[in-house]
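Trainee: No sequence on hand, only this structure:
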Ligand SMILES: Nc1ncnc2c1ncn2[C@@H]1O[C@H](COP(=O)(O)OP(=O)(O)OP(=O)(O)O)[C@@H](O)[C@H]1O
Ligand SMILES: [Mg+2]
């Protein structure tokens, strides 16, 4: 595989992992615009553990996911009290606070950034992504996933049928934080360097953007959304100057035509129905 | 022999100064079919909201099967068997009919494994139960469809199927016959009688007095948040207070214009 | 004397935040929609007036007028593709997300177009005045800064009069209360909402022009940093509250200058956003706002 291709692929896979971190709470109607904060926590925690402790990489990564999850759990209680625009702002504020604090910790390089000595390459990242995709697909097919989608649609009614709304929302947010931590750990180890400028609010905003473009109704949405975001600008690479304009136009058009995202539940059901109806007619024709 | 299942004691509710329920006391016996009627805005839906825990009560108490549930969580009320339908359909638009019905089972999920076992698979128990529930209600053809484009009558039946799948002891039905045509209404009444025969207690809010007479053994009447009458359908219909409540104001007229 | 000088520059800086915060808060108050394209419109105000002045030698006032007109057109374009599509089939949680994403698309679009035309460099913004400073004793007051402070106060005063007294204002407030009820009362929502975007675009563009005048610079990214501060100002003032946004903006300008003076710039971000997080969670109605969540309150 050429260096260019594997570079694009790694970027896509890392974006996809972070997309699932946003998707999971998003599926329950929680807009997380602070995901870059969790990615930063995962990246810095794993970088520090990896450099200072020199434990096996798997342990380092799991621990940094744990750190991210714990912070996610703690912050989810105040953040989930807010709604709508307030939640958008609260999560932005969280991400900014994380970055604002990390930049002042000299032990991890402060504003100068922090090198990471262990290296993780494409195969491991691909495996981790696959694991995340399978995990989220499975999670969404469980009763937990059903409850999460029900909360997205109608929270009070979900509660009346026995969904512990707060528990489910906190769990979704926390698991999302853990996944973001994984993304951060892989990121730091692949690029061998972590720096707060990689984890700005703009990153969170872009992530939410492509998750919503993909659609939060099914776990397949992020795969498409992250592809639109990571691969589309590459297609326009020839027109370097215009690529962001094209990209923006595509975003605006997609949201105008498919405001609930590209992959919706209705779309999948329609495809499935067409599949089952089409199959017998084909046989009959033969 | 007749044990009270749901007991409402001196219940009051006010919304920022407005008294919507005023010192109401009544009970529903186990296995009974009871109706709650009253003019528009009398507080019937609010009463359901208090019983199911949507709003906290301002004063008074609610007991279910002898236990105080006045401040219990929504989930614990559902687990005790209090389940409802809604005046304005509240199905989950992005879930299929089968998934909506499966949502009804949620109050009986205990322990981490029941939350983490896939429910979507064709072979899962939840899914089979939901399919069965849909089949019994004659809704199997809608199983894998999202509910928002389905006909109104079908949506109402899915709501009822969802409520039943929670294995309720007491179903609160908020205007189940509203918007249905006569033959649908007839089917519904029959279905509700069957449900009652299987031992489920019914508390129904309904404006259609035909339906109330056919369905209910006992009727209570709310007006401006107060309980003004109690008895059989025939008794309350001839009650002076009730007649005044409906006729004294022009609300009866309004209602007929509205329908 | 030094403190007084700091105080003055804080207030001046704050008036820019205030203008931009009002642009944000208006759209949030009326439509409950965080319009991410506003920093882009702000940037266009500065960049277009710079482009016209330096590349076509246009007189400054005409250049700025044309730039503002472009901002208004841009804002209306955003309205077309965001608010119009907000009328989703379900009033669920996605409701807030869709216009958010489209407005972000517009931010990328506006920045992309300006980048193509003028490149990413920071540009020197020519000052229309010889010595743009007013000196009172040892105090130095920038004329553009003074102008922005006065303009901000006058404009916002006019805006609140408009909202309180005119038919348009009443219609806007009715929509803020509930678009459906407003429509039922015969208010033509689709006619009034563009007015909100016109005002908001105008304020954002003007803030951009004034920013460039103050700092004698313009760049395609000039909106990014200041937008986060304007959003903070809005939160401090309580979402949807016009005067809250003004007070929040002025206050933030002061705080920023003071924090930099006494603690150094590196802690500014953590302190500021930490404060905001606490406010949003504990007092979502804002510090200067009333006791009600201010959607629909001006
Ligand atoms: N959340 C609330 N806040 C304030 N007032 C409320 C609220 N819910 C209900 N009310 C008021 O309480 C009164 C009773 O409403 P409720 O919906 O219980 O009436 P209802 O008997 O169900 O009427 P209908 O037959 O029209 O369904 C009404 O005046 C209504 O405006
Ligand atoms: Mg009602």
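Mentor: Structure received. Remember, predicted model here, so these are calculated numbers, not experimental data. Numbering: from 1, shown residues only, chains lettered A, B, ... in the order given. Ligands and ions are numbered 1, 2, ... in the order given.
Trainee: Provide a list of residues in contact with the closest residue to residue A:80 other than its chain neighbours.
Mentor: Distances taken as Cβ to Cβ, 6 or more residues apart in numbering or on different chains put residue A:169 closest to residue A:80, at 5.3 Å, once the chain neighbours are dropped. Yep, even glycine has a C-beta here, placed from its N, CA and C like the rest. Each residue near residue A:169 by Cβ atoms under 8 Å, 6 or more residues apart in numbering or on different chains is listed here: A:25, A:28, A:30, A:76, A:80, A:151.
Trainee: neighbours around the first one, how many?
Mentor: Which is residue A:25. Residue A:25: 30 surrounding residues under other Cβ atoms under 10 Å in any protein chain shown.
Trainee: Was I right to think it contacts residue A:176?
Mentor: Yes: using Cβ atoms under 8 Å, residue A:25 is in contact with residue A:176, at 4.8 Å.
Trainee: any common contacting residues for those two?
Mentor: residue A:32.
Trainee: Show residues contacting the one helix or strand residue A:150 maps to.
Mentor: Assigned by DSSP states H and E, residue A:150 belongs to helix A:143-153. Applying Cβ under 8 Å, 6+ apart, the contact partners of helix A:143-153 are A:24, A:27-29, A:139-140, A:157-158, A:161, A:163, A:165, A:168-169, A:171-172, A:216-217, B:92-95, B:99, B:102-103, B:106, B:109, B:114-117, B:119-120, B:126, C:90, C:92-94.
Trainee: Report the separation between residue C:18 and residue C:39.
Mentor: Distance from residue C:18 to residue C:39, counting by Cβ to Cβ, to the nearest Å: 15 Å.
Trainee: Looking at the two now, which is surrounded by more residues?
Mentor: Ranked by neighbour count (other Cβ under 10 Å), residue C:18 and residue C:39 place residue C:18 first, with 35 against 27.
Trainee: Spit out the contact partners of the more buried one.
Mentor: Residue C:18 makes contact with C:152, C:156, C:233, C:245, C:246, C:247, C:248, C:249, C:250, according to Cβ under 8 Å, 6+ apart.
Trainee: Buried subset of the residues you listed as a ChimeraX selection?
Mentor: Remark: buried members of the contacts of residue C:18, expressed as a ChimeraX selection using 16 or more other Cβ atoms under 10 Å in any protein chain shown:
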select /C:152,156,233,245,246,247,248,249,250
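Trainee: How many residues are close by residue A:130?
Mentor: 11.
Trainee: ah, wrong one, I meant residue C:183
Mentor: A count of nearby residues for residue C:183, using other Cβ under 10 Å, gives 14.
Trainee: Residue 152 - nearest residue in space that isn't next to it in sequence?
Mentor: All of this is about chain A. Distances taken as Cβ to Cβ, 6+ apart place residue A:29 nearest to residue A:152, at 4.2 Å, with adjacent residues excluded.
Trainee: actually it's chain C I care about, not the one you picked
Mentor: That would be residue C:15: by Cβ to Cβ, 6+ apart, it lies 4.1 Å from residue C:152.
Trainee: helix or strand for that neighbour, which one?
Mentor: Using DSSP H and E, residue C:15 maps to helix C:2-31.
Trainee: List the buried residues of that helix.
Mentor: For helix C:2-31, a neighbour-count test (16+ other Cβ under 10 Å) marks C:8-31 as buried.
Trainee: How about stretch C:198-218?
Mentor: So, applying 16+ other Cβ under 10 Å, buried residues of stretch C:198-218: C:198-215, C:218.
Trainee: Now the element after the helix holding residue A:150, going C-ward?
Mentor: Reading on from helix A:143-153 to the C-terminus, the next helix or strand found by DSSP H and E is helix A:155-160.
Trainee: can you give me the helices in chain B?
Mentor: Assigned by DSSP state H, the helices in chain B fall at B:44-52, B:74-79, B:97-104, B:111-116, B:125-136, B:152-164, B:182-197, B:209-215, B:233-237, B:240-243, B:251-258.
Trainee: Compare those helices and give me the one nearest residue C:46.
Mentor: Residue C:46 lies closest, by Cβ to Cβ, to one member of the helices of chain B: helix B:97-104, at 51.4 Å.
Trainee: The closest one and chain A in contact?
Mentor: Yes: Helix B:97-104 comes into contact with chain A (Cβ under 8 Å from any Cβ of the partner chain), by way of B:99, B:102, B:103, B:104.
Trainee: Out of those, who's the most crowded?
Mentor: residue B:103 (31 neighbours).
Trainee: In contact with it, which residues?
Mentor: Listed by Cβ under 8 Å, 6+ apart, the contact partners of residue B:103 are A:146, A:147, A:150, A:158, A:161, A:163, B:92, B:95, B:162.
Trainee: Can you give me the neighbour number for the fourth one?
Mentor: Neighbour count of residue A:158, defined by other Cβ under 10 Å: 26.
Trainee: residue contacts, it?
Mentor: Contact analysis of residue A:158 by Cβ under 8 Å, 6+ apart lists A:147, A:150, A:151, A:165, B:92, B:103, B:106.
Trainee: Nearest spatial neighbour of the last one, chain-adjacent residues omitted?
Mentor: Put plainly, it is residue B:106. In space, and not counting its chain neighbours, residue B:106 is closest to residue A:162: 4.3 Å by Cβ to Cβ, 6+ apart.
Trainee: Excluding residues flanking it in the chain, which one is nearest residue A:165?
Mentor: Looking at residue A:165 with Cβ to Cβ, 6+ apart, the closest residue is residue A:159, at 5.0 Å.
Trainee: surely residue B:5 meets residue B:169?
Mentor: Yes: here residue B:5 reaches residue B:169: they are 6.6 Å apart, a contact under Cβ under 8 Å.
Trainee: Mutual contacts of those two, please.
Mentor: Common contact partners of residue B:5 and residue B:169 (Cβ under 8 Å, 6+ apart): B:30, B:65, B:201.
Trainee: Counting neighbours, what do you get for the closest residue to the second one other than its chain neighbours?
Mentor: Going back to what we said before, that points to residue B:65. Nearest non-adjacent residue to residue B:65, counting by Cβ to Cβ, 6+ apart: residue B:5, 6.0 Å away. Residues within reach of residue B:5, counting by other Cβ under 10 Å, total 22.
Trainee: same question, residue A:122
Mentor: Applying other Cβ under 10 Å, we find 15 residues neighbouring residue A:122.
Trainee: Find the closest residue to ligand 2 in chain B.
Mentor: residue B:45 (3.1 Å; Cβ to the ion).
Trainee: Do a quick rundown of the strands in the stretch 101-250 of chain C.
Mentor: With DSSP state E, counting those that start in this stretch as the criterion, the stretch 101-250 of chain C has strands at C:123-124, C:133-136, C:139-142, C:217-218.
Trainee: which residues sit in contact with residue 77?
Mentor: Using chain A here. Residues in contact with residue A:77, defined by Cβ under 8 Å, 6+ apart, are residue A:170.
Trainee: The intended chain is chain C.
Mentor: With Cβ under 8 Å, 6+ apart, residue C:77 has these contacts: residue C:106.
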